[in-house]
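A.B. asks: structural data only, the sequence is not supplied:
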């Protein structure tokens with residue numbers, strides 16, 4: 001952990017599952033998805049991002065060096081702009097997942113889903 005913040009140590013890698021996840025799953029269920037479907041290690045320090053079917057929610061899981069962390073966000077209006085839904089993984093930079101890159105990646109502005117794949 002870095003200075004008491006819940007951020008993985010070192011360089012940050014983000015892997016985004018492009019197929020919607022069952023949002024009833026908690027951190028253990030999502031960690032199982034990382035192992036089984038993404039063929040990755042949920043305890044590697046990589047941030048794994050999952051979306052809901054309606055594209056209005058995301059869940060992130062990651063290992064911070066001391067435990068598995070779960071972050072969830074649901075938009076009250078609008079949807080996340082998301083890549084085409086297909087099996088596999090899309091790689092995003094921390095800036096893209098944070099919304100700094102408005103031209104690609106995740107975008108949570110109201111109405112951002114207009115014209116994007118859902």
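C.D. replies: In hand now; what should we look at? Quantities reported herein were computed from a predicted structural model and do not represent experimental measurements.
A.B. asks: would you map the strands across the chain?
C.D. replies: Assigned by DSSP state E, the chain shows strands spanning 14-17, 47-51, 57-63, 68-74, 89-92.
A.B. asks: looking at those, which has the lowest confidence?
C.D. replies: Mean pLDDT is lowest for strand 89-92 among the strands of the chain, at a mean of 62.
A.B. asks: quick check: which of the strands of the chain is nearest to residue 26?
C.D. replies: strand 68-74 (6.7 Å; Cβ to Cβ). In short, each C-beta sits where N, CA and C put it, glycine included.
A.B. asks: buried set for the closest one?
C.D. replies: Neighbour counts over strand 68-74 (16 or more other Cβ atoms under 10 Å) mark residue 69 as buried.
A.B. asks: and that strand with strand 47-51, angle?
C.D. replies: 30 degrees (axes from the mean of the first three to the mean of the last three Cα atoms, to 10 degrees).
A.B. asks: returning to what we had before: out of the strands of the chain, flag the one nearest residue 32.
C.D. replies: strand 57-63 (10.6 Å).
A.B. asks: next, the angle from the closest one to strand 68-74.
C.D. replies: Interaxial angle of strand 57-63 relative to strand 68-74 (the same axes, to 10 degrees): 170 degrees.
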